[in-house]
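> Quick one, what's the 3D model for this:
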Amino acid sequence: MSKRIEWVDFGKYICIMFVMLSHLESGTRVLRTFYSPFFLTVFFFLAGYVYKQPSSFKEFFIKKTKGLFVPWLILSNVTIGMSAIITLKSDHNLLHDMLWNLLQIRSVGDVMWFVPALYVAFIPFYFVIKINNSEKGIALALLLSVISNLYGALMPKNILPWGNYTLPWHLEYIFVAMFWMVLGYYYKSEYECSLKKFDTWRVLIVIAVIYMILIYGPAAQIKNKAFTIMFSYIESVVGILMIIMISKRFRISRYIAYVGANTIIFFAFHGKVYAVVEYVLRTKASGFYSTCLNNVLYSSLLAIIITIFLSIVLIIPAYCINRWFPWVVGRTRKIH
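Numbering: from 1, shown residues only. Next comes the predicted model:
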């Protein structure tokens, strides 16, 4: 296995922590407002950053199928099976859930949706970066991304038979994802070296302040659809820059590196662990839990604590898979 890029794993760690936090009952609007502009776009950006162009489309397709499709197919169905066992409902239709999972329609049958979305987004990405011109590639990717966002903004919400506007295999979203992947790819190949002179604490603080103004300021409250779409790109770009600079400036620990290197496993299984944690809190500590949920500060702190706990517990299945079943996540060697 090639040497991993430490700051990339740090960035992935930050984002998977927010992914897990985003699904918690105790997650607050204040926290959600903070991480929403970047916690998914950074993943796509980093996927483009670490991408290496293969010699042929066949090689590319096999590699991505092995590294993304196969892990998704196995892990998503494992989690569906675990859900059927844990719920113990006699009317639970396992085959129904698995069939909907194969369609990958957002909010209907979308277990581990991010992975198949990334897998499909890599296909147009492969051809866009073959343009070999960063300005043209970024412009084309941005155009397709805006068209995709307009589709989501203007399409009637329940136009399709399954009750929403989303398409199978996230086709309405893949060009949005691809845009951030293209930015990541060209950032590494053409812009990273020239931007190193700005990698200082002072610049990081300025960018962080700008980000806070963008997400919590009055401009974020404007409801115009066209403005909201364009403003979201600005928020995400500034958020990505902030996460890049944070990831590069802090020393990475073994714990952070391990979580960052195994985000697909954490993404797959965190739901099962947090469901148990929240059930215990609701049934065994209901008074304490209710008090926390009714207070923004307490609820936010509880969400952060639970997320850290999840990340520690999930090291166990991550270790087991890497140790004995590395092929499940497209690997041939374990991550120590």
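
> now what about stretch 11-31, what contacts it?
Taking Cβ atoms under 8 Å, 6 or more residues apart in numbering as the criterion, the residues outside stretch 11-31 that touch it are 32, 35, 38-40, 42-43, 46, 243-244, 246-247, 256-257, 259-261, 263, 266-267, 270-271, 274, 278, 292-293, 296, 299-300, 302-304, 306-308, 310-311. Every residue, glycine included, has its C-beta placed from N, CA and C.

> ok, now which ones touch A268?
Counting by Cβ under 8 Å, 6+ apart, A268 touches L75, S76, V78, T79, M112.

> Just the buried ones out of those, please.
The neighbour-count test (16 or more other Cβ atoms under 10 Å) marks L75, S76, V78, T79, M112 as buried among the contacts of A268.

> Show me which of those residues is closest to F175.
Nearest to F175 among the buried ones among the contacts of A268 is M112, at 20.3 Å by Cβ to Cβ.

> you'd agree that closest one is in a strand?
No - the assignment for M112 (DSSP: H, G, I helix; E, B strand; the rest coil) gives coil, which keeps it out of a strand.

> That one and Y255, how far apart?
23 Å (Cβ to Cβ, to the nearest Å).

> re earlier: max pairwise distance over the buried ones among the contacts of A268: which two?
Put simply, by Cβ to Cβ the two of the buried ones among the contacts of A268 set farthest apart are V78 and M112, 10.1 Å from each other.

> before we move on, back to that, relative to V120, which of the buried ones among the contacts of A268 is nearest.
Closest to V120 out of the buried ones among the contacts of A268 is M112 (13.2 Å), distances taken as Cβ to Cβ.

> show me what contacts that closest one?
Residues near M112 by Cβ under 8 Å, 6+ apart: W72, L75, S76, T79, F267, A268.

> Name the nearest of those residues relative to A219.
Taking these together and measuring to A219 by Cβ to Cβ, the closest member is F267, at 31.6 Å.

> Wasn't the closest one part of a helix?
Yes - secondary structure of F267 (three-state DSSP): part of a helix.

> Pretty sure it sits against F114.
Yes - look at F267 against F114 with Cβ atoms under 8 Å: they come within range, at 6.6 Å.

> before we move on, back to that, show me which of the contacts of stretch 11-31 are buried.
Applying a neighbour-count criterion of 16+ other Cβ under 10 Å, the buried members of these are 35, 38-40, 42-43, 46, 243-244, 246-247, 256-257, 259-261, 263, 266-267, 270-271, 274, 278, 292-293, 299-300, 302-304, 306-307, 310-311.

> So which of those residues are in helices?
With helices identified by DSSP state H, the entries of these that belong to them are 35, 42-43, 46, 243-244, 246-247, 256-257, 259-261, 263, 266-267, 270-271, 274, 278, 292-293, 299-300, 302-304, 306-307, 310-311.

> Just list the residues touching the spatially most central residue of the chain, thanks.
Centrality entry for the chain: nearest residue to the mean C-alpha point is L40, 3.7 Å, by Cα atoms, centre = their mean. Residues in contact with L40, defined by Cβ under 8 Å, 6+ apart, are C15, V19, F114.

> can you rerun that using 7 Å?
Under the criterion of Cβ atoms under 7 Å, 6 or more residues apart in numbering, the contact partners of L40 comprise F114.

> Same check on E172?
Counting by Cβ under 7 Å, 6+ apart, E172 touches S148, Y151, G152, T166.

> Just say helix, strand or coil for the last one.
In terms of secondary structure, T166 is coil; the call rests on three-state DSSP.
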